[in-house]
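Trainee: Compute the structure for the input listed below.
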Amino acid sequence: MPDSALTQELRDTDDEYRRLYEEHQDCERRLDELRDKFSLSEADELAVKHIKRHKLFLKDRMEEIARSRQTAGATA
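Mentor: The predicted model follows:
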């Protein structure tokens, strides 16, 4: 996820975007913790898949918000 001026502005001004961003960062931290394990149990592997899927959902929603903001800015 690029850290552009728009993403910084959205984190500062848009509550939903900020919540999604923080949740996305939390997913990244959780994945890092799982990656640091010597070996993953079956439950850990399922958790990794779930976290990755959720992280992608969050990213898609943040990109949707950013596109919407860009479009609104272009028409204003």
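Trainee: if I look at residue 18, how far off is residue 12?
Mentor: As judged by CB to CB, to the nearest Å, residue 18 and residue 12 stand 8 Å apart. No exception for glycine: its C-beta is placed from N, CA and C like everyone else's.
Trainee: between these two, who's got more neighbours?
Mentor: Set side by side, residue 18 and residue 12 show more neighbours around residue 18, with 14 against 9, by other CB atoms under 10 Å.
Trainee: Please identify the helix or strand for the residue nearest the centre of the chain.
Mentor: Centroid-nearest residue in the chain: residue 24, 3.1 Å away (criterion: CA atoms, centre = their mean). Per DSSP states H and E: residue 24 is located in helix 15-35.
Trainee: Give the buried residues for that helix.
Mentor: 17, 20-21, 23-24, 27, 30 (16 or more other CB atoms under 10 Å).
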